[in-house]
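[1] The following comprises the amino acid sequence and a computationally predicted model.
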There are 2 protein chains.
Amino acid sequence: MLTLPSALARASLVHGARPAILDGDRAFSWREHVLRVARAAGALAAMGLTAGDRIGVISRNSREQCELFHAGYWSGIVPVPVNVRLAPREIAFVLADAGCRILAVDPALAALLESAELAPWRERSFLLGPTFDAQIDAALPVRSRDAGEDDDAILLYTGGTTGRAKGVRLTHRNIIANGLQVGLVLGLRQDDVYLHVAPMFHSADLLSTATTLAGGAHVYLPEFNPPAFLSAIARHRVSMTMLAPTMLIMVLSHPDMPKHDLSSLRIQVYGSAPMAEAWIRRAIEALPGAAVTQGYGLTETAPILSFFEHRDHVAAIARGDAARLRSAGKVLPGVDVRIVGDDGADLPAGGVGEVWVRGPNVTPGYLGAAEANAQALRDGWFVTGDVGCIDDEGFLTLLDRKKDMIVTGGENVYSAEVESALLEHPALAEAAVIGVPDPVYGEAVFAVLVPRPGMSASDEELIAHCRGHIGGYKIPRRFARVEALPKSALGKVLKSDLRTRFAGA
Amino acid sequence: MLTLPSALARASLVHGARPAILDGDRAFSWREHVLRVARAAGALAAMGLTAGDRIGVISRNSREQCELFHAGYWSGIVPVPVNVRLAPREIAFVLADAGCRILAVDPALAALLESAELAPWRERSFLLGPTFDAQIDAALPVRSRDAGEDDDAILLYTGGTTGRAKGVRLTHRNIIANGLQVGLVLGLRQDDVYLHVAPMFHSADLLSTATTLAGGAHVYLPEFNPPAFLSAIARHRVSMTMLAPTMLIMVLSHPDMPKHDLSSLRIQVYGSAPMAEAWIRRAIEALPGAAVTQGYGLTETAPILSFFEHRDHVAAIARGDAARLRSAGKVLPGVDVRIVGDDGADLPAGGVGEVWVRGPNVTPGYLGAAEANAQALRDGWFVTGDVGCIDDEGFLTLLDRKKDMIVTGGENVYSAEVESALLEHPALAEAAVIGVPDPVYGEAVFAVLVPRPGMSASDEELIAHCRGHIGGYKIPRRFARVEALPKSALGKVLKSDLRTRFAGA
């Protein structure tokens, strides 16, 4: 069955003695891990939780959080992991919206419970770590519930930073199907070791499902920083990981990088945001044994829709095809994709429109959000909200979030294209392009820039630079310079924040 | 979507210029292939066929048959490929049972239509080959029907040699899910080339679905013989194929084998019957670049349930573990397996019982066979009819078909075990063990033997030989010697035929 309990039971059966989790000096075989999961499920049952209940989770990445998730899957109790960087008020909203019965908290984050907004949860929470470990050890293992493939497995909140957060329902089939799709395309193996760097409350972490299906092992990094990342790879002979571009750039720039043995790393996925060509080249050079692969997906697609594969990076670099390097690659087997115009009809080949997808990995919808579901789910298709096109070799390229697209003087301007042009200027470290209200053009193209340390470029210089790269109407005429861009947990720039801040610019 | 039209559309989109089919001197790219499929679907529509119709197919393996199948999938017309070795009466039964509206015939097999039993089909049939090719060229391409994942894709008849043949319904999801499962475990790649040797009317051919999902190419061998097989591998740089043990043994024994360049072959699957250890060793030695892999499955499981992988062969040989070499390996991700006793309850670990399975690749049932469905599908599980056990490393070993199991003096004897013991005697080429009626013991263990050319072994000698290998009650006391064993199209010994023939022995 395409369910998580089935995946765990099989891993225990056929990979029983092989490592499932490497946690510091401890290693848990698949048989040990699944037995602990069955005991953890017993501990949850002892708390009075039953199938259909939801359990909030606030935790850094950890073996303990994995065990809790799996115990939930095992018993039909739906984990609701919450972004640890949300404000207490936002956390309280998510827990209430999801109807969580209980809250599990990382001991290192226990201070959150002292906030007034989370006070009502103090009596309904428990700490992960040694206390829950002891409860697991003491509990009797329970049999797995016979989950249906279409049952909700996890609830992941998204969009909390732009308006009301929505809970994305992901079913067992969504998650396992994507594991099979990803595993086939990336060629995962039983000797793979996956390092969980992206936060486990983020859908990107579901990329690791393929590792479980292949019988590989998991390592959890509680907090990202380059030395911790590099040490974990060398120590546990990590073969695969996923980083946001910002993280990958931090790693590649770190002086300690050459000192670590990274020879075990054979798949380096990056994603959730584009990465400048120079950094792609550097990643490929610095990680010669690794397939540098871009993943594109959404929380709603559990999570991967397409991969831009290593060989396609190499080919694009070899022929100097900068545009191809900005592609999100080719959709996975089982993923159907359409490029749809404003009238809801398919565009001719190569046309730019909204990306609609469907497949076994696509969410059945948001929790209790009829209006959002009506907008996002149309005739069996999921409306991604991304604007893009597909070239004649089948490469999907995303130009913008539809809501971030700028309309100036009747022309569409896609911020990704403008940002790419700006970032080819050596003085800029980061750039985010937004539309700001303009009395004449409706919107004006506005660039928010992070200069490289000690470097600068005047507005005139940047306009002249852009002239060689993009059409005149796309060139920003107004600029702001900041120390850092506001970003999501996985490094996506929060353009809504920028629009609010610079609305009067 | 997990449908065949989705798989084809994606292959055309993302692998458009890469080869889909290599046919003699012709090569069809995925874009060309899918366009031809859409035209072939147009040609079927011009014949008056519509979604839900069934189309009989009598053909050797060919590009043309592939196009016809895919045209059917494209339009919701269900292909019903018929075993070309059946008698005309049996073929007529299958076509009538399936309610075929029309029959497509390989020109090389057109003589079948001259039989009286198939006379009614003469007016309702058309020839594949140049005639249909011309129709495809002339037809306008049609859009694919939006198939549901649970719609029937193909109807494969099974068991026609033992009682009434039954049509196994395989849905789009069954076939595509198994392609993903197989593709992940075998690590398929876009540069793979699959040689279709097993007949396309047999479920074993569905193993090639994984090649399509990976974007690889297909080569069709119309008739198996070792020189044709070897030439095809060398000519088309074939990387993967599947052979019945008998075929693989013929290839390994052929004097021309060393003359061919087989360096492209990286996955050699064998299956549908066990293979003697000596031949497994020889295959591994003779194909040093190939992962020699046993596949176990059923028509009802579209087709693979488990793989005994190359590394596990090598490990078993290294430690002289002959029992392990008879294993069917480890179930695929997504496959749940139970070992069930006569009382319908799960047996303790290691127990010998009937193998029950479920998963996304398991048939929804037989066409119009309520009684067979009630027997085979219980509480969401499929009862395989195979008797086996699972060891503590998760290796599944099949001992017998339940109906072939011998009960003698109250003891269960599994023919596979007795056959393995017999085959370790150097004078024997093949052995099939059956139960024959016995007034004292209920059944007696009876061995039907094919001696190696110019060799012989007396009954007494064989009994003495077995004594060192298996318990006394399992040792055959009666023997018959034949020139060849009756076999199915894929080399499975037809024990029901043997039981009929030797019932009075």
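    Looks like it came in fine.
[2] Show me the domain layout of chain A.
    Chain A breaks down by automatic domain parsing into domains covering A:4-325, A:334-400, A:405-502.
[3] Now those domains in a markdown table, please, with extra columns for mean neighbour count, distance to chain B and mean pLDDT.
    C-beta here means a position set from N, CA and C on the backbone, and glycine is covered the same way. Shown next, in a markdown table, are those (neighbours: other CB atoms under 10 Å in any protein chain shown; distance: least, CB to the nearest CB, whole Å; pLDDT from 0 to 100):
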| stretch | mean neighbour count | distance to chain B | mean pLDDT |
| --- | --- | --- | --- |
| domain A:4-325 | 20 | 4 | 95 |
| domain A:334-400 | 18 | 4 | 95 |
| domain A:405-502 | 17 | 21 | 91 |
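[4] Of all those, which one comes closest to B:Ala232?
    Closest to B:Ala232 of the domains of chain A, according to CB to CB: domain A:4-325, at 25.5 Å.
[5] Give me the distance between that closest one and the centre of its chain.
    Counting by CA atoms, centre = their mean, to the nearest Å, domain A:4-325 is centred 10 Å from the centre of its parent chain.
[6] Same question for stretch A:383-396.
    The answer for stretch A:383-396 is 19 Å, by CA atoms, centre = their mean.
[7] ditto for stretch A:367-379
    That offset, for stretch A:367-379, works out to 21 Å (CA atoms, centre = their mean).
[8] what's in contact with it?
    Applying CB atoms under 8 Å, 6 or more residues apart in numbering or on different chains, the external contacts of stretch A:367-379 come out as A:97-98, A:155, A:166-169, A:300, A:344, A:356, A:365-366, A:382-383, A:385.
[9] how about those, which pair is most distant?
    A:Ala98 and A:Gly344 (32.2 Å).
[10] in a strand, that's where A:Ser64 is, yeah?
    Rather than Ser, residue A:64 is Glu. No - using DSSP: H, G, I helix; E, B strand; the rest coil, the secondary structure at A:Glu64 is helix, not a strand.
[11] Would you map the strands across the stretch 201-350 of chain A?
    A:217-220, A:240-243, A:267-271, A:291-297, A:304-308, A:330-331, A:336-340 (DSSP state E, counting those that start in this stretch).
[12] max-length helix in chain A?
    helix A:30-46 (DSSP state H).
[13] Could you point out the helix or strand that follows that helix?
    Next helix or strand after helix A:30-46 toward the C-terminus (DSSP states H and E): strand A:54-58.
[14] For that next one, enumerate its sheet partners and note whether each is parallel or antiparallel.
    strand A:78-81 (parallel), strand A:102-105 (parallel) (DSSP bridges).
[15] who touches the first one?
    Among residues not part of strand A:78-81, those counted as contacts by CB under 8 Å, 6+ apart are A:52-59, A:65, A:68-69, A:72-73, A:94-95, A:98, A:100, A:152-157, A:167, A:200-201.
[16] Of the contacts of stretch A:367-379, which belong to helices?
    A:Asp97.
[17] which one in chain A is furthest away from the centre?
    A:Val440 (38.2 Å; CA atoms, centre = their mean).
[18] Could you measure from that one over to A:Leu462?
    Separation of A:Val440 from A:Leu462 (CB to CB, to the nearest Å): 21 Å.
[19] One more: A:Arg122?
    52 Å.
[20] okay, the strands paired with strand A:54-58 in CSV with distance to A:Gly289 next?
    Formatted as CSV, these follow (distance: least, CB to CB, whole Å):
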stretch, distance to A:Gly289
strand A:78-81, 32
strand A:102-105, 38
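[21] All good on my end, thank you.
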